[in-house]
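please work out how this folds:
(one chain, ligands or ions: 1)
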Amino acid sequence: MSLYTIPFRPPCPIIACRVSSSLAVTLPSPPTATATAAALPSLTCALQCPHFETCSGCTHEFNLHRPIIVEEATDFFKSLGVSDFTFDSCRLWGWRCRAKLAVRGSSENPLIGLYHEGTHNVVDIPQCKAHHPNINAAVELLRQGIRELNIEPYDEDQGTGDLRYLQMAVTTYNTSLPAAERYRNGRVQVSLVWNSRNEKSSNSDKLNALANFLWRNGGPRSNLHLIHSVWANFQTSTNNIIFGNRWRHLLGERDFWEHVGGIDISLDPSSFGQANTRAFDNLLRKLHKYVPYGASVADLYAGAGVIGLSLAANKKCRSVKCIEINKESKPSFEKTIDRLPNSIEGSISWHNTDTSIDPLSWVVGSDVIVVDPPRKGLDASLIDALRTISSHKVKPSFKSSSSNIKEEKRPWILREKERAKEASVQVGRETALEDPQSLPQTLIYISCGWESFKKDCKALLTSKCWHLEKAHGFNFFPGTQSIEVLAVFKRSLKKKKTRKEKKKQL
Ligand SMILES: C[S@@+](CC[C@H](N)C(=O)[O-])C[C@H]1O[C@@H](n2cnc3c(N)ncnc32)[C@H](O)[C@@H]1O
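Now for the predicted structure:
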């Protein structure tokens, strides 16, 4: 797992150009496109971050509301017959609610931030403009703690030191505040990646002292209640993987709640969570429009099942199956399920398995397939299954096979068939009211990797099995050239050959 390249700046004046998150329209090109282009670029939607160029998080300083890649995406979709591609600019600063940061340097001068491009030198980014301001505030508190308690940052060359990485996740869901104040007052779940095997190791006193420091100075009894909770993750491996497989909740609330897509969701620090909470909410609300009421849905690459559960609640799906490889997402899924309205009657299940193994078994029997793969795009076996779906007459087995197992470096990832079966969760009716032979009519592809999306999209379209109906972009990562895409494909019905065509063939 690589360190999320990213960024920010603390309680600074937020620049006036915040493009409305509800403005899901194609924005006009910036006014610099004329002869005045040679003049200084407009600062209205500029990053204005002191760390730009030293930090690898942001690659673009100007026109944050419209990354250059949007032009390419517009042309790409137009060439495929979709001329109404929309782009939602979302929040431009302070959008990152989830950050993984490296800790290096010394206890007197800790460096907390991201690697300088192409190196393992950490750049301190106390004023990052992408981070939610309270992430920066929590980082500053932690920096103070490191100095006061003489905590040693990790030394990669020697393998020594105490604190390796941090994960900061902001919950903006606090029902005791008016809705308009919740985002600004978000609280931070701090995960300290500690260089020891477990909580009994020799440096655990320091870990507890640092956690107590954060809680005393940022917890409910401090002047500013900034810290939601403190967790420890234990990691001693010398590779680049950020997290080890042992997590401990130390202080504060154990459960972390957020409200997106019309539901309360729980996210443990070990589960995948979207970094841009607000933009994700916009995307989910758009997604709802493409799923018919009562549909049966397969949510592939589901994480803690946020997409599937949001659909179950909002579209009264008759069945939702979530497929996810990381077993750590299961407790979050279960907690979210517990808070769903009682009125949900359909069948909901979460399966801890690899989508790439026997993908047809998840695809057949569903009306709508939602895929939200990692940046590298869809697994080849899933692409194949989708490309040939119309010619399949398959009885879904709802079983995974242990063949095809790929090498997996992350120890907490579960890939064994038997354990996968045990790790499934079923809520509601056991047998869904779905036609086991029916084929999906709709495929919704959510992508954070533009290059892999283009490739997968072309592979789907050249099969003639699918055509593209709609596409929307979301500014999930302002300051970069990455966008999140939501593309809606419809299955092409095979045209019956006319007598004339049949004759011609003979
Ligand atoms: C971009 S995240 C999306 C998660 C979720 N849809 C959400 O929005 O919270 C991709 C997810 O796919 C999972 N994943 C990666 N490869 C997988 C595979 N072969 N089978 C199932 N899940 C996989 C990752 O663990 C991760 O949770």
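
let's see the pLDDT reported for the nearest residue to Thr480 once chain neighbours are set aside.
Among residues not flanking Thr480 along the chain, Thr59 sits closest, at 5.4 Å (C-beta to C-beta, 6 or more residues apart in numbering). All C-beta spots, glycine's among them, are computed from the backbone N, C-alpha and C. We have a pLDDT of 94 for Thr59.

ok, Thr59 to the ligand distance?
Going from Thr59 to the ligand by C-beta to the nearest ligand atom, to the nearest Å gives 20 Å.

OK, contacts around that residue?
479-481 (C-beta atoms under 8 Å, 6 or more residues apart in numbering).

so among the residues you listed, where is pLDDT lowest?
Gln481 (93).

now that one. Its backbone dihedrals?
phi -100, psi 20 (degrees, to the nearest 10).

I figured it hits Ile68, correct?
Yes. Counting by C-beta atoms under 8 Å, Ile68 is a contact partner of Gln481 at 6.4 Å.

shared neighbours of these two, which are they?
With C-beta under 8 Å, 6+ apart as the test, Gln481 and Ile68 both reach His60.

so these two - more neighbours on which side?
Shown here are Gln481 and Ile68; by other C-beta atoms under 10 Å, Gln481 has more neighbours (14 against 10).

report pLDDT for the residue nearest to that one when sequence neighbours are not counted.
Distance criterion C-beta to C-beta, 6+ apart; nearest residue to Gln481, sequence neighbours excluded, is Ile69 at 4.8 Å. On the pLDDT scale, Ile69 is placed at 96.

between the contacts of Thr59, which sits nearest the ligand?
Nearest to the ligand among the contacts of Thr59: Thr480, at 15.7 Å, using C-beta to the nearest ligand atom.

so who does that closest one touch?
Thr480 neighbours (C-beta under 8 Å, 6+ apart): 5, 57-60, 67.

could I get these as TSV with secondary structure?
Listed next are those as TSV, based on DSSP: H, G, I helix; E, B strand; the rest coil:
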residue	secondary structure
Thr5	coil
Gly57	coil
Cys58	coil
Thr59	coil
His60	coil
Pro67	coil
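
what residues does this protein have near the ligand?
272, 274, 301-303, 306-307, 323-326, 354-356, 372-374, 379, 448 (C-beta under 6 Å from any ligand atom).

indicate the residue of this structure located nearest to the ligand.
Gly303 (3.0 Å).

show me the residues around that residue that make contact.
Contacts of Gly303 (C-beta under 8 Å, 6+ apart): 271-273, 324, 326, 329, 372.

ramachandran coordinates for it?
The phi/psi pair for Gly303 (degrees, to the nearest 10) is phi 60, psi -130.

do the same with Arg285
Torsion angles, degrees, to the nearest 10, at Arg285: phi -70, psi -30.

what does the pLDDT read for the residue nearest to it when sequence neighbours are not counted?
Excluding its sequence neighbours, the residue lying closest to Arg285 (C-beta to C-beta, 6+ apart) is Gly261, at 6.8 Å. Confidence at Gly261, expressed as pLDDT, is 98.

try Arg339
95.

same question, Asn217
Value for Asn217, per-residue pLDDT: 98.

distance between the host helix or strand of Glu258 and the chain's centre?
Assigned by DSSP states H and E, Glu258 belongs to strand 257-260. Computed by C-alpha atoms, centre = their mean, to the nearest Å, the chain-centroid distance of strand 257-260 equals 14 Å.

for whatever helix or strand comes next after that strand, packing partners?
Later in the chain than strand 257-260, the nearest helix or strand by DSSP H and E is strand 263-266. Applying 3 or more C-beta pairs under 8 Å, 6 or more residues apart in numbering; DSSP states H and E, one finds that strand 263-266 contacts strand 257-260, helix 306-314, helix 330-338.

helices and strands of this protein: which one bottoms out on pLDDT?
In the chain, the helix or strand scored least confidently by mean pLDDT, DSSP states H and E is helix 417-422, which has a mean of 49.

strand partners of the host helix or strand of Gln189, parallel vs antiparallel please.
Element membership of Gln189 [criterion: DSSP H and E] is strand 187-194. Strand pairing for strand 187-194, using DSSP bridges, gives strand 163-171 (antiparallel), strand 227-234 (parallel).

redo the ones you listed as JSON lines? Include mean pLDDT, mean neighbour count and distance to Gly81.
Output for the strands paired with strand 187-194, formatted as JSON lines (pLDDT from 0 to 100; neighbours: other C-beta atoms under 10 Å; distance: least, C-beta to C-beta, whole Å):
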{"stretch": "strand 163-171", "mean pLDDT": "98", "mean neighbour count": "24", "distance to Gly81": "40"}
{"stretch": "strand 227-234", "mean pLDDT": "98", "mean neighbour count": "24", "distance to Gly81": "46"}
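
so which residues of the stretch 1-150 of the chain form strands?
86-88, 98-105, 110-115, 122-124 (DSSP state E, counting those that start in this stretch).

hang on, the earlier thing: ok, so of the contacts of Thr480, who is nearest Tyr154?
Taking C-beta to C-beta as the measure, Tyr154 lies nearest Thr5 of the contacts of Thr480, at 18.9 Å.

show me the contacts for the residue nearest to Asp372 when sequence neighbours are not counted.
With C-beta to C-beta, 6+ apart as the criterion, Asp372 has its nearest non-adjacent residue at 4.2 Å, and that residue is Ile446. By C-beta under 8 Å, 6+ apart, the contact list for Ile446 reads 283, 287, 307, 370-372, 484-486.

returning to that earlier point: tell me the angle the strand holding Gln189 makes with strand 98-105.
Per axes from the mean of the first three to the mean of the last three C-alpha atoms, to 10 degrees, the angle that strand 187-194 makes with strand 98-105 is 40 degrees.
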